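> next one to model:
(chains A and B)
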Number of protein chains: 2
Amino acid sequence: MLAAAMPPLLMPLLGEISAHDLEMAETLIGVARFALIFVAARVLAEVLVRLQLPTILGELLAGVLIGASGLHLLVPPETQVELSNGVISLVSGLVNVPPDAVPEIYNESFPSLEAVAELGLYALLFLTGLESELEELIAVGAQAFTVAVAGVVLPFAFGTWGLMAIFHVDAIPAIFAGASMTATSIGITASVFGELGFLKTREGQIVIGAAVLDDILGIVILAVVVALASGGNLEIGPIVKLVAAAAVFVVAAIGLSRTAAPAFDWMIDKLKAPGEVLVASFVILALSCFTATAIGLEAALGAFAAGLILSSSKHNHAIQQAVLPIVTLFATIFFVLVGAGMDLSVINPSDPSSRTALVVAGFLFVVAVIGKIAAGWAFLSKQPTRRLVVGLGMMPRGEVGLIFLGLGTSAKLLSPSLEAAILLMVIGTTFLAPVLLRLVLGGNKPDDDDSVSDDVAAEPVGLL
Amino acid sequence: MLAAAMPPLLMPLLGEISAHDLEMAETLIGVARFALIFVAARVLAEVLVRLQLPTILGELLAGVLIGASGLHLLVPPETQVELSNGVISLVSGLVNVPPDAVPEIYNESFPSLEAVAELGLYALLFLTGLESELEELIAVGAQAFTVAVAGVVLPFAFGTWGLMAIFHVDAIPAIFAGASMTATSIGITASVFGELGFLKTREGQIVIGAAVLDDILGIVILAVVVALASGGNLEIGPIVKLVAAAAVFVVAAIGLSRTAAPAFDWMIDKLKAPGEVLVASFVILALSCFTATAIGLEAALGAFAAGLILSSSKHNHAIQQAVLPIVTLFATIFFVLVGAGMDLSVINPSDPSSRTALVVAGFLFVVAVIGKIAAGWAFLSKQPTRRLVVGLGMMPRGEVGLIFLGLGTSAKLLSPSLEAAILLMVIGTTFLAPVLLRLVLGGNKPDDDDSVSDDVAAEPVGLL
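Numbering: from 1, shown residues only, chains lettered A, B, ... in the order given. Below you'll find the predicted structure:
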């Protein structure tokens, strides 16, 4: 399925194998990898959903289980981990290729899988932007703003400072790890709040509003940090330039959602060939990613901004419906690949040399938890508010934390121990938030329902 | 968007460029290519839909226009055609890579685009299988069967014989070109019949039934021919073995649709995590492709068989809804790439050396038209039947013809002139069928409506 024409460079190395056998082997590996990813992700998601935990944890754990730290069935080439012998004998037993050629064919066809995963990532960020409900955000905006800023600044500043001052991590990976703690996963909190009937309360609205702002701030930070980090040096000029570019880009997207979305709707009404909504919105998505890349920012920011632009389209719901299957399939691949690429041997508790890595992981986790809970007290209001509920609601990092981790890993910015620490931080907060929220909210009835609207509950995030 | 980690082999060649700049260039090229494909396909689809012609022709023509025979904006590496200077200066102007590195980065990231296109192809074949309505087929089966067999045998036999006897084409490409004329495109005829209210007539039902059988026969022939052709020799043993394997595979899929579909439905009801229908059906799709590949057949047959298996699931409609966006986006890429890869200079009428190619194209076209029209007379019935309507309804080749062409091209089985001839045959029949059908049917009221059901009209094929 994911097999593609072999690049000519490969031919001399696999020269003895006929083109047809090579293609059969590639196709076989591609479809088997696809089936493996979906079966593993689904089995673990089903287990977690029965424990009332977010299914995204299942996708991650599935990746860890079948990946480089587990069964070696799904092995990203950059991990340098050897493919399981079972896979090698299966492939060479079914198609006419020698066993020692299998790992090479496996590695050569891996970029196609990563391309599909990246497509899923952009589709997910696009969907997150589409779900942002900018109008509602403006209604609760002023109140949510202080919570969001505190929830971004506290973990970012303490995390980065602690990693550099206490653990002597270099500036770039420290900033990156700090940044990975900024964004709140809307989907997980929204589904717990929805399940317990708390989405319409003041706390629920603040958390959703702050989470959207968090996403915007977090993805802007990501775009700036990756650009800087890849340059390798931290000078004040480029930082100011990139922050300004990112800010202008996001403000332009919010402005365009007022002016360009009606133009988009007008155009959609003129189009007659089927599939017009999806294709037209993917053109906007691609152009927005193009613009972000052309001005030196991450394409991920472009994908999110495209969602913001189209969030006020009257076709928003139709776009979400059409994008959801793409997210369901391909974002799953992204999350499984994040898990599969992790090297968890660096945090083996029985190995004394990995004790520092464990301590770093513990530190990040504590900062990530306390930073967001403290943000609950940044809420400026005279009305009684359960600040702990707001803080806990901001806690799960979920998909955006993983997007940071995935991009940081592929840009080779992080050491294996820092990667593992971020993964544990994401897993820990995503696991803990719903458990603690149910504990704190359980039994309590919502004490007000002066809601703005319950639309935010309509479809939290399809795949979570 | 389609950028993927660069394979290590590339690094020495593009060594002077930093990893970050390389990734930015890849992302920029990937998203620009995406936007270009969708904009071109959409513009031409909109033109054709206004001419009441199938939009798939627009996607093909869009590919020809921007591809190797046109503006050189979308250039598959295997065509060896140079990328437009405009693209090169755009990329090197926006990101920090020298102009002469751009074509190499472009080519290296092309397999990811082809992988996504291939995913679209399998999703389309899966959808075609899902829409097959085996129960209805059995109702009209006996009557449709003779039409289908005649419509497969006549163009296949005459086409292959003529190419070998008259034009001295080698056996394998001749068989391949003959096979490319076998399958009827259900979607195009169904939409014309639907539009004119003829889908419920006896002729309409026969054509739909025969087209489904044609698809099955055509894809079986494809699976066998590609396997044989790639081996390079035509011995009777492997032919018998492959035909038997393909027949057993399809019969097993039809059998499984009775027994395995209920088991699938039972499992879906047990699953609780969201997205269960889509993920579970993609697991079936991947496993079916795996099985087909493992027994030496084309994965395309596996994708179609997976659709047949799940066609009797009670979730059929939900699966189609979820697969449709994937088909809309990615099958479009497949069709545009087919058009982009064509070298139409071989049929330049002003060049005397390309006269043979034009004659071959004309021959294929005539055989493709007459073979299917003659099949209308193979219908065994005492009731009055407009046999010309049946024959014209069987004429459009559309997507399945293009799948043949795409797979034949990527397996390097066809000469450029034969590729161009098949493309013209597909375009010609797909263009002519709706025009002639409207001419013959226009004004006539359907003279009977003893229909089995109008379900077949519900959603012909989403992207056509």
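> count the neighbours of residue A:263 for me.
11 (other C-beta atoms under 10 Å in any protein chain shown). All C-beta atoms are positioned from the backbone trio N, CA, C, and that covers glycine.
> and the helix or strand where it lies, what does it pack against?
Using DSSP states H and E, residue A:263 maps to helix A:236-270. Under the contact criterion of 3 or more C-beta pairs under 8 Å, 6 or more residues apart in numbering or on different chains; DSSP states H and E, helix A:236-270 touches helix A:202-231, helix A:276-294, helix A:299-310.
> reformat these as TSV; add distance to chain B, mean pLDDT and mean neighbour count.
Shown next, in TSV, are these (distance: least, C-beta to the nearest C-beta, whole Å; pLDDT from 0 to 100; neighbours: other C-beta atoms under 10 Å in any protein chain shown):
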stretch	distance to chain B	mean pLDDT	mean neighbour count
helix A:202-231	3	79	25
helix A:276-294	4	95	24
helix A:299-310	5	90	29
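> how about JSON lines for those, with distance to residue B:420 added?
What follows is the helices and strands packed on helix A:236-270, written out as JSON lines (distance: least, C-beta to C-beta, whole Å):
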{"stretch": "helix A:202-231", "distance to residue B:420": "45"}
{"stretch": "helix A:276-294", "distance to residue B:420": "28"}
{"stretch": "helix A:299-310", "distance to residue B:420": "37"}
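> quick one: closest of those helices to residue B:59.
For residue B:59, the closest of the helices and strands packed on helix A:236-270 is helix A:276-294, at 10.6 Å, according to C-beta to C-beta.
> pull the CA atoms of that closest one into PDB?
Only the C-alpha atoms of helix A:276-294 are listed here, as PDB (Å, rounded to 0.1, in the frame of the first residue of the first chain):
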ATOM      1  CA  GLU A 276     -15.700  20.600  -3.600                       C
ATOM      2  CA  VAL A 277     -15.700  21.400   0.100                       C
ATOM      3  CA  LEU A 278     -12.900  19.000   0.900                       C
ATOM      4  CA  VAL A 279     -10.700  19.800  -2.100                       C
ATOM      5  CA  ALA A 280     -11.100  23.500  -1.700                       C
ATOM      6  CA  SER A 281     -10.300  23.400   2.000                       C
ATOM      7  CA  PHE A 282      -7.200  21.300   1.300                       C
ATOM      8  CA  VAL A 283      -6.000  23.900  -1.200                       C
ATOM      9  CA  ILE A 284      -6.300  26.500   1.600                       C
ATOM     10  CA  LEU A 285      -4.500  24.100   3.900                       C
ATOM     11  CA  ALA A 286      -1.700  23.500   1.400                       C
ATOM     12  CA  LEU A 287      -1.300  27.300   0.600                       C
ATOM     13  CA  SER A 288      -1.200  28.200   4.200                       C
ATOM     14  CA  CYS A 289       1.500  25.600   4.900                       C
ATOM     15  CA  PHE A 290       3.300  26.900   1.900                       C
ATOM     16  CA  THR A 291       3.200  30.500   3.200                       C
ATOM     17  CA  ALA A 292       4.300  29.500   6.700                       C
ATOM     18  CA  THR A 293       7.300  27.500   5.200                       C
ATOM     19  CA  ALA A 294       8.200  30.400   2.800                       C
END
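> distance between it and the chain's centre?
Here helix A:276-294 shows a centroid-to-chain-centroid distance of 19 Å under the convention C-alpha atoms, centre = their mean, to the nearest Å.
> swap in stretch A:120-135?
Relative to its chain's centre, stretch A:120-135 lies at 11 Å (C-alpha atoms, centre = their mean).
> how about the residues of the stretch 51-200 of chain A by chain B?
Residues of the stretch 51-200 of chain A found near chain B (C-beta under 8 Å from any C-beta of the partner chain) are A:55, A:58, A:77-78, A:94-95, A:107-108, A:110-116, A:118-119, A:122.
> just the buried ones from those residues?
A:55, A:58, A:77-78, A:94-95, A:107-108, A:110-116, A:118-119, A:122 (16 or more other C-beta atoms under 10 Å in any protein chain shown).
> and the closest residue to residue A:292 other than its chain neighbours, what does it touch?
Among residues not flanking residue A:292 along the chain, residue A:302 sits closest, at 3.1 Å (C-beta to C-beta, 6 or more residues apart in numbering or on different chains). By C-beta atoms under 8 Å, 6 or more residues apart in numbering or on different chains, residue A:302 lies in contact with A:249, A:285, A:288, A:289, A:290, A:291, A:292, A:293, B:31.
> how about 6 Å then?
Neighbouring residues of residue A:302 by C-beta atoms under 6 Å, 6 or more residues apart in numbering or on different chains: A:288, A:289, A:292.
> kindly report the same for residue A:344.
A:69, A:420.
> what's the answer for residue A:422, then?
Contact analysis of residue A:422 by C-beta under 6 Å, 6+ apart lists A:177, A:180, A:405.
> and the angle for whatever helix or strand it lives in with helix A:202-231?
Taking DSSP H and E as the definition, residue A:422 sits inside helix A:416-441. Orientation of helix A:416-441 against helix A:202-231 (axes from the mean of the first three to the mean of the last three C-alpha atoms, to 10 degrees) gives an angle of 180 degrees.
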